[in-house]
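> show me the folded form of this:
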Amino acid sequence: MAILTLARHGQTLDNAEDRWEGRRDGPLTPEGRRQVEALGHRLKPLGPYAVVYVSPLGRAVETAQLLLTALGELPVRTDVRLAEYDFGAWDGLTPAELRARGFWESVQRDPEFAPPLGEPFGAAARRVATALREVAARHPGARVAAVGHGLVLAAALALLLDGDPRRAPRYALGNAGMAELMLDSGPRLIHLDPVIS
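Model (predicted):
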């Protein structure tokens, strides 16, 4: 199977303001571009990469384009299943505002909880996990990069590795953070950047 390098996009203004950015979309900040440049330098020696898969959201696309500066000319394929979790009416809230609405407690009670007009949490994890499995099967023996978003990548890793998307906090990625994953008979985490708070 392929070795998947999962990368979270660089910092955006919402990230800098500590707001959850689901389907809202903003460009990378100057700090976000610096983060991605540093990530590219880390990823280059791990290559060569066969292809880069990317969420259609602009912050992920911008991150992928910046990574290509370090990784070289590669095919880039957009996969809508890599888009961030849809918070619906709660998009753009701060962590405190989400806690006040009981988001995390509701997800812990029921992994299929969805905010108003939003997406069931478990469904988001399954769509990304399915996409990653298909990417790995499509590129046997290759190294593949997938550029996406913090919450759904963490939820998908939790589902693949622990069988439970509610364990997503264990797999949290900071801006321009990365994880390496093998999806063979049993998914195996090779590396996960620690989140530094």
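> same question for stretch 32-52, mean pLDDT?
On average, the pLDDT along stretch 32-52 is 96.
> residues making contact with the helix or strand bottoming out on mean pLDDT in the chain?
In the chain, no helix or strand scores lower on mean pLDDT, DSSP states H and E than strand 188-192, which sits at a mean of 93. Residues outside strand 188-192 that contact it (CB atoms under 8 Å, 6 or more residues apart in numbering): 3, 157, 161, 171, 173, 178-182. Every residue, glycine included, has its C-beta placed from N, CA and C.
> now render the residues you listed as a markdown table, adding neighbour count, secondary structure and pLDDT.
Formatted as a markdown table, these follow (neighbours: other CB atoms under 10 Å; DSSP: H, G, I helix; E, B strand; the rest coil; pLDDT from 0 to 100):
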| residue | neighbour count | secondary structure | pLDDT |
| --- | --- | --- | --- |
| 3 | 20 | strand | 94 |
| 157 | 27 | helix | 98 |
| 161 | 18 | helix | 97 |
| 171 | 24 | helix | 97 |
| 173 | 23 | coil | 96 |
| 178 | 20 | strand | 97 |
| 179 | 20 | strand | 97 |
| 180 | 17 | strand | 96 |
| 181 | 25 | strand | 96 |
| 182 | 15 | strand | 94 |
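> now, among those, which is nearest to residue 64?
Distance to residue 64 across the contacts of strand 188-192 (CB to CB) is lowest for residue 178, with 12.9 Å.
> now the least confident helix or strand of the chain against strand 178-182, angle please.
Put simply, strand 188-192 runs at 160 degrees to strand 178-182, going by axes from the mean of the first three to the mean of the last three CA atoms, to 10 degrees.
> in its sheet, what does strand 188-192 sit against?
If you go by DSSP bridges, strand 188-192 pairs up with strand 178-182 (antiparallel).
> name the residue most distant from the centre of this structure?
Centroid-distance maximum for the chain: residue 100 at 24.8 Å, with CA atoms, centre = their mean.
> quick one: contacts for it?
Not one residue lies near residue 100 by CB under 8 Å, 6+ apart.
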